[in-house]
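*Asks:* no FASTA, just this:
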């Protein structure tokens, strides 16, 4: 029974470490998305100009098992913007 808790604890720890390590990548992704939004404010036009691969990449980046890192990156960007105002 104790070994089961140990394995689950190790897996959860690895998952959290991976998510924390991916926060800088998610920050870059969110910054690029905001720059695209400034260049092309219309969402429909922006999606029409994307290739299939780019739209799939965006979908996979926004959802999935790495959602906590995206959530942390969004919070960091929000706090940075709020600090500069």
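*Replies:* Cool, the structure landed. Just so it is clear, the model here is predicted, and its values are computed rather than measured.
*Asks:* Now do residue 79, the pLDDT please.
*Replies:* Note on residue 79: pLDDT of 91.
*Asks:* That one: neighbour count?
*Replies:* 10 (other Cβ atoms under 10 Å). In this view, the C-beta of every residue, glycine as well, is placed from N, C-alpha and C.
*Asks:* Secondary structure element holding it?
*Replies:* Taking DSSP states H and E as the criterion, residue 79 maps to helix 67-84.
*Asks:* Identify the residue nearest the residue most central in space within the chain in space, chain neighbours excluded?
*Replies:* Residue closest to the average C-alpha location in the chain (Cα atoms, centre = their mean): residue 70, at 2.8 Å. The shortest distance from residue 70 to any non-neighbouring residue, by Cβ to Cβ, 6 or more residues apart in numbering, is to residue 26 (5.0 Å).
*Asks:* residues in contact with the one you found?
*Replies:* 61, 66, 69, 70, 72, 73, 74 (Cβ atoms under 8 Å, 6 or more residues apart in numbering).
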